[in-house]
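Enquirer: using only what follows, build the 3D model:
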Amino acid sequence: MVVRIEAKLRFGVSNIIEIDDLTINPEEEKIIYQGEEIELKGKPFEVLTHLAMHKDQIVSKEQLLDAIWEEPELVTPNVIEVAINQIRQKMDKPLNITTIETVRRRGYRFCFPKKIS
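Expert: This next block holds a predicted model:
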């Protein structure tokens, strides 16, 4: 309990992630991009949030499974691919941005802002 309180004090009470014109609010499960709310809920939202909190780091499928799923041994790593695909369908394609890049044989990296040319 003490560690969690210290962490909240150290990082401020808010866990809101703000990068350029993208805001991710984990407490309210909200994503705002250029003033517009993006519909992304559940596991895809949690995957995006976890990757954003580890911006510019490669996060393996195993690390994502351990961080997000309560019983990671009961799901296949394919659920990560499905979540990443949903992020790309609901955010990246309609907004013409790239938020997550696949790092072959290693995992995923949150790479926003990275405009698609």
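
Enquirer: other residues contacting the longest helix along the chain?
Expert: Taking DSSP state H as the criterion, the chain has its longest helix at helix 42-53. Applying C-beta atoms under 8 Å, 6 or more residues apart in numbering, the contact partners of helix 42-53 are 17, 19, 24, 26, 29, 31, 40, 59, 64, 67-69, 79-80, 83-84, 86-87, 90-91, 99-100, 108-110, 112. Quick note: C-beta positions are derived from backbone N, CA and C, even for glycine.

Enquirer: and for the closest residue to Leu22 other than its chain neighbours, the neighbour number?
Expert: Distance criterion C-beta to C-beta, 6 or more residues apart in numbering; nearest residue to Leu22, sequence neighbours excluded, is Tyr33 at 5.1 Å. Look at Tyr33: counted by other C-beta atoms under 10 Å, it has 18 neighbours.
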